[in-house]
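Asker: coords please:
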Amino acid sequence: MGLRNRHGTHVDPVPFLVVVGLSFMLLLSFGPLYGRALGLPLETAIGASAGLFAVAAVLAFYRQVWTFRPETTGAVPSTARAERLFYLIPILTALILGLAVPLVLG
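Answerer: Below is the predicted model:
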């Protein structure tokens, strides 16, 4: 997959694909359930979740592909990036569990 930024430089697609995949998972898993809990018809809840996913995908593309500058990749050491990633894993787990609690109890 050959993604290019606005200057024509090749960009690594993996971070973009991970963000889009996670937003797809969260929005289309929990969005319709929360929409139904708020009294929306199923079709409307799915449509709203899909619309939010499209917005998230466009924003992720803009931030991680279109405006990405590859020359700044080495500005943050890889150990700091890995440490930040390992801190985000329990935060994402807590977010998913927190989203599930009202649906299980309600």
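Asker: Which segments of this protein make up each domain?
Answerer: Per automatic domain parsing, the domain ranges recorded for the chain read 1-74, 76-106.
Asker: from the chain's centre, how far out does the one helix or strand Tyr34 maps to sit?
Answerer: Per DSSP states H and E: Tyr34 is located in helix 14-37. Here helix 14-37 is found 7 Å from its chain centre; the criterion is CA atoms, centre = their mean, to the nearest Å.
Asker: which other residues reach that helix?
Answerer: Helix 14-37 is contacted from outside by 3, 42, 44-46, 48-50, 52-53, 56-57, 60-61, 64-65, 92, 95-96, 99-100, 102-103, 106, using CB atoms under 8 Å, 6 or more residues apart in numbering. To be clear about C-beta, it is placed using only N, CA and C from the backbone, and glycine gets the same treatment.
Asker: Specify the angle between the helix or strand harbouring Leu103 and helix 14-37 in degrees.
Answerer: With secondary structure defined by DSSP H and E, Leu103 is part of helix 78-105. Counting by axes from the mean of the first three to the mean of the last three CA atoms, to 10 degrees, helix 78-105 points 10 degrees away from the direction of helix 14-37.
Asker: helices or strands next to helix 78-105 in the packing?
Answerer: helix 14-37 (3 or more CB pairs under 8 Å, 6 or more residues apart in numbering; DSSP states H and E).
Asker: next SSE after the helix it packs on?
Answerer: For helix 14-37, the following helix or strand on the C-terminal side (DSSP H and E) is helix 42-61.
Asker: I'd like to know how far Leu59 sits from Ser78.
Answerer: When distance is defined by CB to CB, to the nearest Å, Leu59 is 25 Å away from Ser78.
Asker: the more surrounded of the two?
Answerer: Using other CB atoms under 10 Å, the more surrounded residue of Leu59 and Ser78 is Leu59, with 12 against 9.
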